[in-house]
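> I would like the atomic coordinates for the input below:
(chains A and B)
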Amino acid sequence: MFERFTEPARRVVVLAQEDARERAADRIGSEHLLLGLCRATDTRAAALLAARGVTRAVVEAELGAPGPDLPDRAALASVGIDLDEVRERVEDAFGPGALESTRAGRGRGRRWGHIPFDRGAKKVLELALREAIRRGDRSIGSEHVLLGMLHTETGRAMPLLAARGVTLARICAALDEPGAASG
Amino acid sequence: MADATAVAAAASSRDPATGLAAVASLRTLLESLEELQVRNARDQGWSWQAIAEGLSVSRQAVHKKYRRDIA
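Numbers count the residues shown, from 1 in each chain, chains lettered A, B, ... in the order given. Predicted structure coming up:
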């Protein structure tokens, strides 16, 4: 399914999976994909979102904190520890998902390995492909994932974006501006 | 990472909820890192005794804690 995704778009999906796992969600939803887009800060989609005030902090505030038994990013930040930095270093040494693979890291309700997409997230990915084809692009980039998210029946991401004025028409217009790079 | 002022405010907070949540999260993180390191040490052929010395705990403690999950 992901053969046609660009490297940044794949990273978005991996980050979405991480977020779903961290939040002990049993499915990856469009809201996790949106968090993935915001976290992959060097992508076209993240720039489009940030320019419209949609950042990781904003989306996380909407989604609420992870359960109390999970390592909480904000709680660790309060004593000067950057959980993302720790995770990155641990994954450099022990591979992706290393922290979550441990007993403590799994927490209550936390899952090993792969978490399936929910219906809305599947729809986002299908529509991302359709948007790429419609725009005549050969691969699926982060901006196509964002476009896919801006249709109805894709779950929690779209209303959150609509509330901040991020609509399909506006993002299409922004992408059609000269100098709009892929990624 | 939350912005610097928010972090500084939380760090200097005397609100027990903030402080206790930080300790709980640290403990979870500690447990994860310990398990990864113990597993890695065993994979590299370290004895339970050597691992216990590295962690400054007794051999019995570390063996009891991990023997079911780690060969």
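> tally up the residues packed near residue A:4, please.
Burial of residue A:4 is recorded as 16 neighbouring residues (other CB atoms under 10 Å in any protein chain shown). Glycine gets a C-beta too; all of them are placed from N, C-alpha and C.
> also residue A:158?
Using other CB under 10 Å, the number of residues around residue A:158 comes to 22.
> now residue A:159
12.
> cool, the one 4 residues further on as well?
Here the number of neighbours of residue A:163 (other CB under 10 Å) works out to 10.
> geometrically speaking, which residue is the centre of chain A?
Residue closest to the mean C-alpha point of chain A, counted by CA atoms, centre = their mean, is residue A:36 at 1.7 Å.
> quickly note the distance from it to chain B.
Residue A:36 sits at a distance of 17 Å from chain B (criterion: CB to the nearest CB, to the nearest Å).
> ok, that residue - contacts?
Contact partners of residue A:36, counting by CB atoms under 8 Å, 6 or more residues apart in numbering or on different chains, are A:11, A:12, A:13, A:14, A:15, A:16, A:19.
> for residue A:151, give me phi and psi.
phi -100, psi 160 (degrees, to the nearest 10).
> and chain A, which of its residues are near chain B?
By CB under 8 Å from any CB of the partner chain, the residues of chain A that approach chain B are A:57, A:68-84, A:86, A:90, A:93-94, A:98-99, A:102-105, A:107.
> among those, which ones are buried?
Among these, those classed as buried by 16 or more other CB atoms under 10 Å in any protein chain shown are A:70-79, A:81, A:83, A:86, A:90, A:94, A:98-99, A:102, A:104-105, A:107.
> which of those fall in helices?
Here DSSP state H is the test, and those give A:73, A:74, A:75, A:76, A:77, A:83, A:86, A:90, A:94, A:104, A:105 as lying in helices.
> residue 64: neighbour count?
Reading this off chain A. 8.
> was after chain B, sorry
Residue B:64: 11 neighbours (other CB under 10 Å).
> quick check: which of the ones in helices among the buried ones among the residues of chain A next to chain B has the minimum pLDDT.
Minimum pLDDT across these is recorded for residue A:105, with 71.
> against residue A:129, how distant is it?
Here the criterion is CB to CB, to the nearest Å. By it, residue A:105 lies 33 Å from residue A:129.
> how about residues contacting the host helix or strand of residue A:159?
Using DSSP states H and E, the element containing residue A:159 is helix A:157-162. Residues from elsewhere that reach helix A:157-162 (CB under 8 Å, 6+ apart): A:29-31, A:33-34, A:54, A:59, A:62, A:120, A:124, A:149-152, A:167.
> can you name the residues that contact the residue nearest the centre of chain B?
Nearest to the geometric centre of chain B sits residue B:30, at 1.5 Å (CA atoms, centre = their mean). Neighbouring residues of residue B:30 by CB under 8 Å, 6+ apart: residue A:104.
> just residue A:55 next, same as before
Residue A:55 makes contact with A:38, A:49 under the criterion CB under 8 Å, 6+ apart.
> what about 10 Å?
Residue A:55 is in contact with A:38, A:39, A:41, A:46, A:49, A:61, counting by CB atoms under 10 Å, 6 or more residues apart in numbering or on different chains.
> test my guess that the first one contacts residue A:62.
It refers to residue A:38. No - using CB atoms under 10 Å as the test, residue A:38 is too far from residue A:62 to be in contact (11.1 Å).
> look up how far residue B:19 lies from residue A:137.
As for residue A:137, its distance to residue B:19 is 50 Å (criterion: CB to CB).
> got a pLDDT number for residue 4?
In the absence of a named chain, chain A is used. The model's pLDDT for residue A:4 equals 92.
> think we crossed wires, I meant chain B
On pLDDT, residue B:4 comes in at 49.
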